[in-house]
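1. I'll drop the sequence and a predicted model, then ask my questions.
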Amino acid sequence: MKNIIILFSILLLSGLVVTASAQSTNHIVINEIDINPPGDDSKSVLEWIELYNPTSSKIDISGWQIASTTALKKTMTISPGTFIEPGKFLTFSYQSLWFADSNEIVELKDKNGMIVDKTPLLSDPKNDLTSWQRIYDGYDLDNANDWKFAIPTAGSSNGKVTVTEAKADVTVTVSTDKSSYLFGETATIKGNISKQVFITAPYFHADEISVKITGPKYDKTISLYPDLNLNYKTSLNLQQVLGVDKGVYLVSVTYGGATSQTSFSVGDVIVADVIAKNNTLSIATDKSQYLPGETLSLTGLTTEAIPFEGLKFNIKDPSGKIISTGSLYPTNGKFSTNVYITPVTPVYGTYQITGEYFDKVTLAFFEVVKDIKEAKAISIWTDKDAYALGETVTVTGRLNNVWVAFMNLEIIQTKNAALATSALGGGNSGFKILDTIKISGDGTFTYSFKIPDSDVRLGDYKISVSQSLGSASKTIHTVSNPDDYIVSTEPLSISTDKVIYDLGDTMTISGFIKNPVSSSTYQTSSVTISISHEDG
């Protein structure tokens, strides 16, 4: 009989569990705001703000104020006799140029001048139909991540927090068809639930079974539904090319608030029942290297839970100094904590974690490394240099010296398709994206876009980010065979599709410009090509 592995998710900082009620406030909130709607804000009253009452009581907001804190600091006082019913919205407009388009914080004050709510730092350089809005009505964790930039929903709901119907007696089971697998095999994960659970908000539907599989540098979540007999089944292809490495994998299944776990091992040889027979203990970190200021997650596995016995561990820095110790006791067979890597006078090098559980001792190691920044204001990268049509490009980067909230983004296809011949897709408009990127607190940013699946979109694309602190750019290539593509380092290169042609053949000429000239329009600078006979 296969033993169930007990997971020790050892996290040194206490976890945070947020319920649906904790996510909603007990006071009037600023629920949505458009600080730069379409049109000329200086000539018309276009800007607006939406308030929402998440409480169960009717609230009098007479004499309350909605105040801009930037530029002219215009403040609107709400008229006497104004109430907001429970769960309802009120939208207000005031004057032209009420809010600033960038670096704006808007405050809601009661009639005594006390701040009831305020927005995070907002910027909206786009003069279009997008607004800043809470991700759900009344959702407030005092975090900038409470907000999203999306199509306006003025006077109506942004969406509701999902609430699960309480089912205290729900249980879920999980097992695998084997305890140990070879690379290339398929693991079958199956189990059953005791009864179905339904989600009641924002709309009525059946709850999903969440199967989370974690292992060495591996994390995958599968969602599925039970069959008519309340059973479920899924499979996992254990191929190394799919990111599966040698080691122990934990399967954690959650349904209706109930959780169950099991585990299996993957390797070059079958180790049948080794874990069950030897009562092993192992610990591991979620990464092998960390930067100062990051948080480390430590996990451990044992085959036998001993009543009233805690898992004792300590962490030593490269000099042998113990920087953290703890004794952790299980709750429903699970331990959890995080270890914060302090950025204050960090010690770089290899750290040792020692775990002791009853008569078993195990070790794990990780490194703290220096955060090496490039000697320029902005760094920009893409996940690849060459892409196929229809692929998604992921752009990442960071600010190395000065932090700003937003960066301007321009993506332009350097080939001007409108000037090409019809055989090469001529007559099509150019490809260009103008957007704004929000910068994370650590100075990093990410952006994704999809290359259209059309032959006219073959060619090079220049990706540029800019702001007052400087600019940076990266050129990528869209080709028919990206795996065989070799990036040219020449400032200007040219090639033809063939070396020898017959009379009547069509010649295709292609090339690469390392540093193309940018433009504020869809037009791009042309390349002059001359063709001459061998005698001139």
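-> The structure has been received and is ready for your questions.
2. Tell me how many other residues crowd the residue lying closest to Thr176 once chain neighbours are set aside.
-> By the measure of CB to CB, 6 or more residues apart in numbering, the closest residue to Thr176 outside its immediate chain neighbours is Phe264, 4.9 Å from it. From N, CA and C alone the C-beta is placed, and that goes for glycine too. Phe264: 24 surrounding residues under other CB atoms under 10 Å.
3. partners of the helix or strand harbouring Phe264 in the sheet?
-> Element membership of Phe264, judged by DSSP states H and E, is strand 258-267. Strand 258-267 has the following sheet partners, assigned by DSSP bridges: strand 180-182 (parallel), strand 247-255 (antiparallel).
4. Identify each buried residue in that strand, please.
-> By 16 or more other CB atoms under 10 Å, the buried positions in strand 258-267 come out as 258-266.
5. Which residues are in contact with Val527?
-> Applying CB atoms under 8 Å, 6 or more residues apart in numbering, one finds that Val527 lies in contact with 511, 513.
6. three-state assignment of the most centrally placed residue in the chain?
-> In the chain, the C-alpha nearest the mean C-alpha coordinate belongs to Thr446, at 8.8 Å (CA atoms, centre = their mean). Using DSSP: H, G, I helix; E, B strand; the rest coil as the criterion, the local structure at Thr446 reads strand.
7. Report pLDDT for it.
-> Looking at Thr446, its pLDDT is 92.
8. ok, now which ones touch it?
-> The contact partners of Thr446, by CB under 8 Å, 6+ apart, come to 394-397.
9. and if we set it to 7 Å?
-> 394-396 (CB atoms under 7 Å, 6 or more residues apart in numbering).
10. Redo the buried residues of strand 258-267 as JSON lines? Include distance to Gly470.
-> Converted to JSON lines, the buried residues of strand 258-267 look like this (distance: CB to CB, whole Å):
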{"residue": "Ala258", "distance to Gly470": "53"}
{"residue": "Thr259", "distance to Gly470": "49"}
{"residue": "Ser260", "distance to Gly470": "53"}
{"residue": "Gln261", "distance to Gly470": "49"}
{"residue": "Thr262", "distance to Gly470": "52"}
{"residue": "Ser263", "distance to Gly470": "49"}
{"residue": "Phe264", "distance to Gly470": "50"}
{"residue": "Ser265", "distance to Gly470": "50"}
{"residue": "Val266", "distance to Gly470": "47"}
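11. Tell me where this structure has helices.
-> In chain order, the chain shows helices spanning 20-23, 274-278, with DSSP state H as the criterion.
12. taking the mean pLDDT, what do you get for stretch 51-62?
-> Confidence for stretch 51-62, expressed as mean pLDDT, is 91.
13. buried residues in that stretch?
-> Residues of stretch 51-62 classed as buried by neighbour count (16+ other CB under 10 Å): 51-55, 59, 61.
14. ok so, going back, of the contacts of Thr446, which is the most crowded?
-> Comparing the contacts of Thr446 by number of neighbours (other CB under 10 Å), Val395 comes first, having 20 neighbours.
15. Return the residues in contact with the closest residue to it other than its chain neighbours.
-> Excluding the flanking residues, the one nearest Val395 by CB to CB, 6+ apart is Tyr447, at 4.5 Å. Under the criterion of CB under 7 Å, 6+ apart, the neighbours of Tyr447 are 395, 409, 437.
16. Tyr232 now?
-> 190-192, 209, 224, 226.
17. Show me which of these are buried.
-> Judged by 16+ other CB under 10 Å, buried ones among the contacts of Tyr232: 190-192, 209, 226.
18. is it possible to export those to CSV including distance to Thr77 and pLDDT?
-> Shown next, in CSV, are those (distance: CB to CB, whole Å; pLDDT from 0 to 100):
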residue, distance to Thr77, pLDDT
Lys190, 63, 92
Gly191, 60, 92
Asn192, 61, 91
Ile209, 53, 91
Pro226, 56, 89
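19. for those residues, which one is nearest Leu97?
-> Distance to Leu97, by CB to CB, is smallest for Ile209 among the buried ones among the contacts of Tyr232, at 52.5 Å.
20. and the residue nearest to that closest one when sequence neighbours are not counted, how many neighbours does it have?
-> Counting by CB to CB, 6+ apart, Ile209 lies nearest to Tyr255, which is 4.8 Å off, once chain neighbours are set aside. The burial metric for Tyr255, expressed as a neighbour count using other CB under 10 Å, is 27.
21. pLDDT value on Tyr255, please?
-> The predicted local distance difference test score for Tyr255 is 88.
22. List the residues that contact it.
-> Under the criterion of CB under 7 Å, 6+ apart, the contact list for Tyr255 reads 170, 172, 193, 197, 207, 209.
23. dump the residue contacts of the fifth one.
-> If I follow you right, that is Asp207. Contacts were defined as CB under 7 Å, 6+ apart; by that measure Asp207 touches 164, 197-199, 255-256.
24. Filter the residues you listed down to the buried ones, ChimeraX style.
-> Applying 16+ other CB under 10 Å to those leaves a buried subset, and the ChimeraX line that selects it is:
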select :197,199,255,256
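25. export the contacts of Asp207 to CSV and tack on distance to Ala100?
-> Compiled in CSV, these are given as follows (distance: CB to CB, whole Å):
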residue, distance to Ala100
Thr164, 41
Val197, 47
Phe198, 46
Ile199, 40
Tyr255, 48
Gly256, 47
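26. With respect to Thr350, which of the contacts of Asp207 is nearest?
-> Taking CB to CB as the measure, Thr350 lies nearest Tyr255 of the contacts of Asp207, at 40.6 Å.
27. hey, which of the strands paired with strand 258-267 is tucked in deepest?
-> Ranked by average neighbour count under the criterion mean count of other CB atoms under 10 Å, the strands paired with strand 258-267 are headed by strand 247-255 at a mean of 21.
28. Any idea how far it is from the middle of the chain?
-> Using CA atoms, centre = their mean, to the nearest Å, the mean C-alpha position of strand 247-255 is found 22 Å from that of the whole chain.
29. same question, stretch 183-200
-> Mean C-alpha position of stretch 183-200 versus that of the full chain (CA atoms, centre = their mean) differs by 26 Å.
30. Same question for stretch 135-142.
-> Taking the mean C-alpha point of stretch 135-142 and that of its whole chain, the gap between them comes to 18 Å (CA atoms, centre = their mean).
31. circling back: looking at the buried ones among the contacts of Tyr232, which are in strands?
-> Here DSSP state E is the test, and the buried ones among the contacts of Tyr232 give 190-192, 209 as lying in strands.
32. Distance to Lys88 added to these, as TSV?
-> Formatted as TSV, the entries for those read as follows, by distance: CB to CB, whole Å:
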residue	distance to Lys88
Lys190	47
Gly191	44
Asn192	44
Ile209	36
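33. isn't Thr130 right up against Ser123?
-> No: with contact defined as CB atoms under 7 Å, Thr130 and Ser123 do not form a contacting pair (11.7 Å).
34. Find the residues that touch each one of those two.
-> Common neighbours of Thr130 and Ser123 (CB under 7 Å, 6+ apart) do not exist.
35. which residues sit in contact with Asn401?
-> Remark: with contacts taken as CB under 7 Å, 6+ apart, Asn401 is in contact with Ala377.
36. what about 10 Å?
-> For Asn401, the contacting residues are 373, 375-378, 443, 469-470, by CB atoms under 10 Å, 6 or more residues apart in numbering.
37. do the same with Ser448
-> The contact partners of Ser448, by CB under 10 Å, 6+ apart, come to 383, 392-396.
38. how does it look with 7 Å?
-> Counting by CB under 7 Å, 6+ apart, Ser448 has contacts 392-394.
39. Same question for Lys370.
-> Applying CB under 7 Å, 6+ apart as the definition, the contact partners of Lys370 turn out to be Tyr348.
40. Return the distance of it relative to Val344.
-> Taking CB to CB, to the nearest Å as the criterion, Lys370 is separated from Val344 by 15 Å.
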